[in-house]
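Visitor: When you get a sec, could you give me coordinates for this:
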Amino acid sequence: MEQLVKKRAVIKSQVTRFGSFVDEVQLGNKNIAELKTRLKRLEKLWDEFDNIQTEIEENEKVTNQCCQPGWQRCDEQSQSTERETFENKYFEVISHAEEITELNKSVNKTTIVDTYSQFWANLPSLNLPQFKGSYEEWLRFFELYKSLVHDNARLNKIQKFYYLQSCLKDDALRIINSLEISEANYDVAIELLRERYANKKVLIRNHVKNIFELQPLTRESHVNLRKLIDNFLKDFRSLQTLGEPVQHWDTLLIHIVSIKLDKQTQREWETHSKNITTPKLDKFVKVLKEKCQLLESLDGKLANKFNERTNEKVSMHITSNNEKNSLFVLHFLQKQ
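Guide: As a prediction, the model looks like this:
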């Protein structure tokens, strides 16, 4: 019994010391991190006290069976008061400590937001590309980002990390979302993105697939033809960057793209290249671009003619209405 009372006294003194430590933290004399560590330890003391106090109460019940009734009630009240006093003190210091830690979190968040806003306000404005996680867009994105940010000696790694986050969206952003912004983590973020998207085999396959799956043209249209040329050249140049020997693929690429053209443009290309044994890709692309310019010019002329005719009709309609109005006025005046 004596040993149990001593153990209980040790626990009570630990709670008292913790309360004093909390007061020191509030005065700014102690570290908030140490408070959090001590708080975790103190939370375990409740079970220890409850077990010891319960055992003391059980032992006293056995002892009190031999005592007079008035003494028994006195001992029971004493133990009840002991438990109640400890509970009040324990939960008081626990609540006080938790209030301080929560207040500290709030202050830190405000400081971080203010620092973040100030940091962005001081960064130079850059027109950066956006990347959502498309393999086909990775090379174009990273080459531009690399030249504007990654290789920029005037920016430190934390600044580069902020810029990187501002460029990424959707799947690409989720890859690095778990990383805290720091100099060391910037290199980790770049490496994670490269591991995911700089997969040369996948990139080559996707760009080749895109060329084979170019949208066929069903009629002459400078808009659709321009789109086809742009899409083809984007994938072609990406394959060049990836080191594929596209300079030897002229015949194959011309065939793939030419069968995607509308019938009229196909005939014009066949007529143009009928005396050329091995046509060159750059010449083929040049012919298509010239066709685009021609169609644009024709569409512009047709639009102008349409506008002229519409204006003529509107003018005739207004003139006709004016003549009718004049006749009506003249007729009215004659009656007067």
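
Visitor: Would you mark the buried spots in stretch 170-189?
Guide: By neighbour count on 16 or more other C-beta atoms under 10 Å, the buried set for stretch 170-189 is 172-173, 175-176, 181, 185-186, 189. C-beta: built from backbone N, CA, C; applies to glycine.

Visitor: so which helix or strand takes in residue 101?
Guide: Residue 101 belongs to helix 69-122 when assigned by DSSP states H and E.

Visitor: Residue 155 and residue 149 touch, don't they?
Guide: Yes: under the criterion of C-beta atoms under 8 Å, residue 155 makes contact with residue 149 at 6.5 Å.

Visitor: Quickly list what's touching both of the two.
Guide: The contact sets of residue 155 and residue 149 overlap at residue 163 (C-beta atoms under 8 Å, 6 or more residues apart in numbering).

Visitor: Figure out how far stretch 182-190 is from the centre of its chain.
Guide: 16 Å (C-alpha atoms, centre = their mean, to the nearest Å).

Visitor: What lies in contact with it?
Guide: Contacts of stretch 182-190 (C-beta under 8 Å, 6+ apart): 150, 156-158, 160-161, 164, 176, 179.

Visitor: are any of the residues you listed buried, and which?
Guide: Judged by neighbour count, with 16+ other C-beta under 10 Å as the criterion, the buried members of the contacts of stretch 182-190 are 150, 157, 160-161, 164, 176.

Visitor: could you dump those to a markdown table with distance to residue 127, secondary structure and pLDDT?
Guide: Supplementary listing: the buried ones among the contacts of stretch 182-190 in a markdown table, determined by distance: C-beta to C-beta, whole Å; DSSP: H, G, I helix; E, B strand; the rest coil; pLDDT from 0 to 100:
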| residue | distance to residue 127 | secondary structure | pLDDT |
| --- | --- | --- | --- |
| 150 | 16 | helix | 87 |
| 157 | 21 | helix | 86 |
| 160 | 16 | helix | 87 |
| 161 | 19 | helix | 87 |
| 164 | 15 | helix | 87 |
| 176 | 22 | helix | 86 |
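
Visitor: so who does residue 171 touch?
Guide: Counting by C-beta under 8 Å, 6+ apart, residue 171 makes contact with 132-133.

Visitor: the helices in this protein, which residues?
Guide: Counting by DSSP state H, the chain has helices at residues 2-26, 32-43, 45-64, 69-122, 135-145, 157-167, 170-176, 183-197, 200-212, 222-241, 250-258, 263-272, 281-335.

Visitor: Compare those helices and give me the one nearest residue 128.
Guide: helix 157-167 (5.0 Å; C-beta to C-beta).

Visitor: Tell me what angle that closest one forms with helix 135-145.
Guide: Using axes from the mean of the first three to the mean of the last three C-alpha atoms, to 10 degrees, the direction of helix 157-167 lies 140 degrees away from that of helix 135-145.

Visitor: Please name every helix or strand in contact with helix 157-167.
Guide: helix 69-122, helix 135-145, helix 170-176, helix 183-197 (3 or more C-beta pairs under 8 Å, 6 or more residues apart in numbering; DSSP states H and E).

Visitor: Please repeat the previous calculation with a cut-off of 7 Å.
Guide: On a contact count with 3 or more C-beta pairs under 7 Å, 6 or more residues apart in numbering; DSSP states H and E, helix 157-167 meets helix 183-197.
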